[in-house]
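>>> no sequence on this one, just coordinates:
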């Protein structure tokens, strides 16, 4: 049995029987495809049933104990150290003084209770802490009905030996990158980590690979089955993110930037709703298609097989300002583009994630839209995720126009003779009339607070290069014009000295403009707005501001300024 959307959708999930036939999440086949194994039942999504089951599931758990931490709609942690709430429980060994016998009896009873209440099978793993219990469930108790251990218990005395047999990739927090680094250090199982003594030379080598002595110490502790995390039924979120990976098909860089700008605003709005939380770091993820042609088939809107890249950046000052976040995301995107040369047509997914600092915000700014339903042990009514949510209609289009996040960005913009400040939106970067490349923006409340917005580093680099060339060319032109005026030989030429000077000024201006044209070409390789390039041209044109003060004194300077403005306008 698999769950899929429509007749030609991707498989969202597959049960264990289907996985044994080679079906798994992410695969795509037609309902009438001959390659589809026989006797495979394809079900559509049924979100109402998911909500109903999750509610029944958690109600069954809270009948057993008030100490519950929800992990997902079908997975949770229970603390039964002090026994169960139900009176008259008749299960052999559940009141035994032997911890091993009592632990196995409780796991068996919990499994039976949930099965009776929800009419579905479940797997139960138990141990001295959440880490060991999770590993016991994932590695030995699943799947119930097909496993030799429908419930699995690990005692505190056996926790270290139990963990030693597990591969390191089974530890929470060990992803592909960390697993590769550990493999390079010849660490493949938890037993390899357990053998490392804190402070030893081997420990220091691992610190360099993992990236910090605290992270290395915590990793070794996990490998020993030691979980020092607090029991928090309703912990404040440490991150918030937004990811899109369905129907993502870009044609222009402007489109990518517009979507990222909206995504930055969404995650910042969420951070404010969670109690004015502020991000201390940002993570940007991008998915690039491995086979573009296969994902361009009619009716296929999924991302398909992709290469996934992720980059993070710490913030000097924690913030939830969408403009600051958007700038950082754009900077990460452009640096990533320099590393792997992103192709617009290959992008199949984007993600912006904020990592919060430790503070949880002021109490009066706690979220008000979270559903109050089940009860927990410490916090009263749970502000959990269980409960009916409003349905969100998603149009079956690659680029929905209804949602503001996917509003179409015009590919061609008319070049008007208006000033730059009138053309761009107030929240766009305006680098024309700034001091030290800093932009003054008036707050929406009418105040005069100054916001500092740095110019993208690659644009600033090109501007500095043009600025140096401009100074060099200007000096050479001034020397050459002076030489022409002081040389009597030029007085005999029919055109006269001033005509020669004008020719030199024009030639110099257009020669410099060739360098500007090259700089613009370099900037366009990055992900930038059209307004950013226009702002760059405007800054370059304003390099003649000192020359303009001399126009009344020197016709040659006037020719140079005029030619320079014209040449710059012809560049872009």
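It's in. Just so we're clear, the structure is a prediction, and the values are computed from it rather than from any experiment.
>>> output the longest strand belonging to the protein.
Assignment by DSSP state E gives strand 306-319 as the longest strand of the chain.
>>> tell me which stretches of the stretch 101-250 of the chain form strands.
124-126, 151-153, 239-244 (DSSP state E, counting those that start in this stretch).
>>> so what strands line up beside the first one?
Translated: strand 124-126. Next to strand 124-126 in the sheet, as set by DSSP bridges, lie strand 151-153 (parallel).
>>> give the buried residues for the longest strand of the chain.
Using 16 or more other Cβ atoms under 10 Å as the test for burial, strand 306-319 gives 306, 311, 315, 318-319. In this view, the C-beta of every residue, glycine as well, is placed from N, C-alpha and C.
>>> wait, which of the residues you listed is closest to residue 192?
Top of the list for closeness to residue 192, among the buried residues of strand 306-319 and by Cβ to Cβ, is residue 311 at 29.2 Å.
>>> mind checking how far the closest one is from residue 333?
9 Å (Cβ to Cβ, to the nearest Å).
>>> so what sits against both of these two?
Residues within reach of residue 311 and of residue 333 at once, by Cβ atoms under 8 Å, 6 or more residues apart in numbering, are residue 284.
>>> related to what we said a few turns ago, JSON lines please, covering the buried residues of strand 306-319 and showing distance to residue 261.
As requested, these are exported to JSON lines (distance: Cβ to Cβ, whole Å):
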{"residue": "306", "distance to residue 261": "23"}
{"residue": "311", "distance to residue 261": "18"}
{"residue": "315", "distance to residue 261": "18"}
{"residue": "318", "distance to residue 261": "21"}
{"residue": "319", "distance to residue 261": "16"}
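>>> just name the closest of these to residue 270, please.
Nearest to residue 270, judged by Cβ to Cβ, of the buried residues of strand 306-319 is residue 319 at 14.0 Å.
>>> local confidence estimate at the closest one?
On pLDDT, residue 319 comes in at 93.
>>> surely it meets residue 325?
Yes. Using Cβ atoms under 8 Å, residue 319 is in contact with residue 325, at 7.1 Å.
>>> overlap in contacts, the two.
What both residue 319 and residue 325 touch, as defined by Cβ under 8 Å, 6+ apart, is the set residue 279.
>>> contacts only, for residue 50.
residue 73.
>>> in what helix or strand does it lie?
Assigning secondary structure by DSSP states H and E places residue 50 in helix 47-64.
>>> in that helix, what's buried?
Taking 16+ other Cβ under 10 Å as the criterion, helix 47-64 shows 53-55, 57-58, 60-62, 64 as buried.
>>> work out the gap between that helix and the centre of the chain.
31 Å (Cα atoms, centre = their mean, to the nearest Å).
>>> got it, and stretch 94-108?
Offset of stretch 94-108 from its chain centre (Cα atoms, centre = their mean): 44 Å.
>>> where does the stretch 451-572 of the chain have low pLDDT?
Residue ranges of the stretch 451-572 of the chain with pLDDT under 70: 451-454, 485-498, 546-555.
>>> run through the strands of it in chain order.
Using DSSP E, counting those that start in this stretch, strands in the stretch 451-572 of the chain do not occur.
>>> ok, back up a step: quick check: buried residues in the next helix or strand after the helix holding residue 50?
Note on helix 47-64: by DSSP H and E, the next helix or strand toward the C-terminus is strand 68-72. Residues of strand 68-72 classed as buried: 68-70 (neighbour count, 16+ other Cβ under 10 Å).
>>> any chance of JSON lines for those residues, columns distance to residue 339?
Output for the buried residues of strand 68-72, formatted as JSON lines (distance: Cβ to Cβ, whole Å):
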{"residue": "68", "distance to residue 339": "45"}
{"residue": "69", "distance to residue 339": "39"}
{"residue": "70", "distance to residue 339": "39"}
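>>> which among those residues gets closest to residue 154?
residue 69 (18.6 Å).
>>> so the closest residue to the closest one other than its chain neighbours, which state does it fall into?
Closest residue to residue 69 apart from its sequence neighbours, by Cβ to Cβ, 6 or more residues apart in numbering: residue 77 at 4.4 Å. Counting by DSSP: H, G, I helix; E, B strand; the rest coil, the backbone at residue 77 sits in strand.
>>> right, and residue 77 touches residue 129 too?
No. Using Cβ under 8 Å as the test, residue 77 is too far from residue 129 to be in contact (9.6 Å).
>>> adding distance to residue 512 and pLDDT, write the buried residues of helix 47-64 out as TSV.
Shown next, in TSV, are the buried residues of helix 47-64 (distance: Cβ to Cβ, whole Å; pLDDT from 0 to 100):
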residue	distance to residue 512	pLDDT
53	70	87
54	67	88
55	70	89
57	71	90
58	70	90
60	76	89
61	73	90
62	75	89
64	78	86
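>>> which of those sits closest to residue 189?
Distance to residue 189, by Cβ to Cβ, is smallest for residue 61 among the buried residues of helix 47-64, at 32.9 Å.
>>> gap between that closest one and residue 110?
From residue 61 to residue 110 the distance is 8 Å (Cβ to Cβ).
>>> which residues do those two both contact?
In contact with both residue 61 and residue 110: residue 78, using Cβ under 8 Å, 6+ apart.
>>> picking up where we left off before, report the two of the buried residues of helix 47-64 separated the most.
Within those, two members stand farthest from each other by Cβ to Cβ: 53 and 64, at 17.3 Å.
>>> quick one, what contacts residue 163?
132, 135, 190, 194, 222-225.
>>> which residue comes closest to it once chain neighbours are left out?
In space, residue 163 is closest to residue 225, 4.3 Å off (Cβ to Cβ, 6+ apart).
>>> tell me how many other residues surround that neighbour.
Residue 225: 24 surrounding residues under other Cβ atoms under 10 Å.
>>> which ones are touching it?
127-129, 131-132, 154, 159-160, 162-163.
>>> do residue 160 as well
Taking Cβ under 8 Å, 6+ apart, one finds 194, 224-225 in contact with residue 160.
>>> in helices, which of those residues appear?
Here DSSP state H is the test, and the contacts of residue 160 give residue 194 as lying in helices.
>>> can I get the contacts of residue 160 in CSV with pLDDT?
Below are the contacts of residue 160 laid out as CSV (pLDDT from 0 to 100):
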residue, pLDDT
194, 92
224, 92
225, 91
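>>> let's have the contacts of residue 160 in CSV, adding distance to residue 22.
Output for the contacts of residue 160, formatted as CSV (distance: Cβ to Cβ, whole Å):
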residue, distance to residue 22
194, 36
224, 37
225, 34
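>>> from the contacts of residue 160, pick the one nearest residue 15.
residue 225 (30.2 Å).
>>> for that closest one, what are phi and psi?
phi 80, psi 20 (degrees, to the nearest 10).
>>> tell me the one of the buried residues of helix 47-64 nearest residue 519?
residue 54 (56.6 Å).
>>> how about low-confidence regions in the stretch 301-450 of the chain?
358-450.
>>> any idea how far the closest residue to residue 536 other than its chain neighbours lies from residue 212?
Leaving aside its chain neighbours, residue 536 sits nearest to residue 459 (5.5 Å; criterion: Cβ to Cβ, 6+ apart). With distances taken as Cβ to Cβ, residue 459 is found 34 Å from residue 212.
>>> over to residue 119?
Taking Cβ to Cβ, one finds residue 119 at 47 Å from residue 212.
>>> could you pull out the helices for the stretch 451-572 of the chain?
Under the criterion DSSP state H, counting those that start in this stretch, the stretch 451-572 of the chain contains helices at 457-486, 497-523, 530-541, 545-548, 555-571.
>>> show me what contacts the nearest residue to residue 344 once chain neighbours are set aside?
The spatially closest residue to residue 344, leaving aside those adjacent along the chain, is residue 250, at 5.1 Å (Cβ to Cβ, 6+ apart). Contact analysis of residue 250 by Cβ under 8 Å, 6+ apart lists 256, 259, 344-345, 347.
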